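Visitor: what's the 3D shape of this:
(one chain, ligands or ions: 1)
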Amino acid sequence: MNLESVNKIPRNASIVFHLFAIVTLSVFSLYRIWIGDYKHAGFFSLAITPLLFSLLREWQYKANIIQKQITLIIVSIAICYSCFYLGYKGLIYLFPTIFVYFFLFSIKHALLLSCLYSLFGLGFALNIEPSSVIARYSIAIIDCIVFGTLFSHIINKQKDALFYLANTDELTGVYNRKRLKPSLNSAIENKIKHQTKASLLLLDLDHFKQINDTYGHITGDNVLRAVAETITRNKPDGAEVIRFGGEEFLIKLPGTDGEHALIFAEQLRQRISQITLTGVSQLITCSIGVKELEGDSLDEWINSCDKALYKAKNAGRNRVIQAG
Ligand SMILES: Nc1nc2c(ncn2[C@@H]2O[C@H](COP(=O)(O)OP(=O)(O)OP(=O)(O)O)[C@@H](O)[C@H]2O)c(=O)[nH]1
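Guide: Sure, this is the predicted structure:
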């Protein structure tokens, strides 16, 4: 699972970053006014505008990643400009902004953009700084980019691990209920936006209590693991398996209509009935309710599956029924 997200700054931290940048630029502009450098004071005051706009969007919960990326690029252009006219006084601002690249872009893009940005900044600073100063800054900037890459990589790894821990059922290794809403809502969204079909299977093991009572809970757990493993091994690419309850699993099949979902459910039912576990002589069977997504209600979708499953149980178990 790859959850690399480029927007790693929480809203509060983003507001602090914005305020910090605005205050820094304001102090810079005031200092320029004080020393009579009105040209640069005007330029830096102008550079505050996109930051103020971006802060306002963040404040109103309307910020999006594209707008933040554009703001960062505008600020970077302003810093490159200051490198050209002010030399090292502009170069020092390369350091904090390079880190922001790693918060707003994927590692690959941040690496590429921060290298280009640094090259421009250093190149422009040559306008007034000797090459020995530029060489020293180059080394420090390389360090900064390397650390940015490392930190970003570590954060992404930790996010993946956190997501795994929060969304995975410990016993079976499939998704837990936390994944239910995001998973089904994304199917509903795709149906509304792109008319992409999706189907849902609700699978419940038959007479599972009997397995627990006869062979003990530990064996019952092993059966649940074996069933989850069979579903995972046989599911089509992109399908998601969620442990819905004790011995109930939901399988979301994106891009699949009811007819194909029914075929898959029947194959799965047969595969599960072929599971053999040492010491377990009772046949492991399941009942499955199937429903293709219609409308936009998550609850209705699950309820339809539940009704079909109920019918399958009442009709004698070990069968698949499609909701009408
Ligand atoms: N071993 C084990 N058992 C569990 C777990 N979660 C729920 N169960 C058991 O699953 C059983 C479910 O029993 P019922 O709801 O009566 O269902 P059933 O016996 O499968 O009967 P039908 O669904 O009607 O075929 C209960 O005995 C629960 O204790 C689990 O994580 N491990």
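
Visitor: For stretch 251-264, which outside residues touch it?
Guide: With contact meaning Cβ atoms under 8 Å, 6 or more residues apart in numbering, stretch 251-264 is reached by 183-184, 187, 190, 196-201, 203, 231, 235-236, 238-242, 268, 290-292, 320, 322. The way it works is simple: take the backbone N, C-alpha and C, and place the C-beta from them, glycine included.

Visitor: Mark which of these are part of helices, please.
Guide: Judged by DSSP state H, the contacts of stretch 251-264 include 183-184, 187, 190, 231, 268 as members of helices.

Visitor: So which bits of the stretch 151-300 of the chain are right by the ligand?
Guide: Applying Cβ under 6 Å from any ligand atom, we find that the stretch 151-300 of the chain lies next to the ligand at 171, 204-210, 212, 217, 220-221, 224, 246-247.

Visitor: Please enumerate the helices of this structure.
Guide: Going by DSSP H, the chain shows helices at 11-34, 38-59, 65-86, 88-91, 94-104, 107-125, 131-167, 180-194, 208-215, 217-234, 258-273, 298-314.

Visitor: Contacts only, for the nearest residue to residue 184 once chain neighbours are set aside.
Guide: Nearest residue to residue 184, sequence neighbours excluded (Cβ to Cβ, 6 or more residues apart in numbering): residue 298, at 5.0 Å. Remark: with contacts taken as Cβ under 8 Å, 6+ apart, residue 298 is in contact with 181, 184-185, 188.

Visitor: Break the chain down into its structural domains.
Guide: What automatic domain parsing lists as the domains of the chain is 11-167, 177-322.

Visitor: Give the closest residue to residue 127 in space, chain neighbours not counted.
Guide: Residue 127's closest residue in space is residue 84 (Cβ to Cβ, 6+ apart), at 5.0 Å.

Visitor: where in the protein is pLDDT low?
Guide: Scanning the chain for pLDDT under 70 picks out the ranges 1-8.

Visitor: tell me the residue furthest from the middle of it?
Guide: In terms of distance from the mean C-alpha position of the chain, residue 36 ranks first, at 49.0 Å (Cα atoms, centre = their mean).

Visitor: who are the neighbours in contact with residue 214?
Guide: residue 282.

Visitor: Relative to residue 274, how far out is it?
Guide: Taking Cβ to Cβ, to the nearest Å as the measure, residue 214 falls 20 Å from residue 274.

Visitor: cool, residue 217 as well?
Guide: From residue 217 across to residue 274, the span is 23 Å (Cβ to Cβ).

Visitor: Residue 323 too?
Guide: In terms of Cβ to Cβ, residue 323 sits 26 Å off from residue 274.

Visitor: before we move on, what about residue 144?
Guide: Distance, residue 144 to residue 274, by Cβ to Cβ: 58 Å.

Visitor: Looking at these two, which one has more neighbours?
Guide: The neighbour comparison of residue 144 against residue 274 (other Cβ atoms under 10 Å) goes to residue 144, with 19 against 9.

Visitor: residues in contact with that one?
Guide: 94-95, 98-99.

Visitor: State the pair within those that is farthest apart.
Guide: Spatial extent of the contacts of residue 144 (Cβ to Cβ) is set by the pair 94 and 99 at 10.1 Å.

Visitor: Show me which of those two is the more surrounded one.
Guide: residue 94 (25 against 17).

Visitor: Now do that one against residue 256, distance only.
Guide: For residue 94 relative to residue 256 (Cβ to Cβ), the value is 50 Å.

Visitor: cool, and residue 76?
Guide: Between residue 76 and residue 256 the distance, using Cβ to Cβ, works out to 45 Å.

Visitor: repeat for residue 240
Guide: On the measure of Cβ to Cβ, residue 240 and residue 256 end up 12 Å apart.

Visitor: In terms of packing, which of those two has more residues around it?
Guide: Neighbour count, other Cβ under 10 Å: between residue 240 and residue 256, residue 256 has more, with 24 against 19.

Visitor: Distance-wise, check residue 248 relative to residue 301.
Guide: Residue 248 sits 15 Å away from residue 301, going by Cβ to Cβ.

Visitor: the more surrounded of the two?
Guide: With neighbours defined as other Cβ under 10 Å, residue 248 and residue 301 compare such that residue 301 has more, 24 against 16.

Visitor: could I get the helices of the chain as CSV with distance to residue 252?
Guide: What follows is the helices of the chain, written out as CSV (distance: least, Cβ to Cβ, whole Å):
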stretch, distance to residue 252
helix 11-34, 30
helix 38-59, 34
helix 65-86, 27
helix 88-91, 52
helix 94-104, 31
helix 107-125, 30
helix 131-167, 14
helix 180-194, 6
helix 208-215, 22
helix 217-234, 12
helix 258-273, 10
helix 298-314, 10
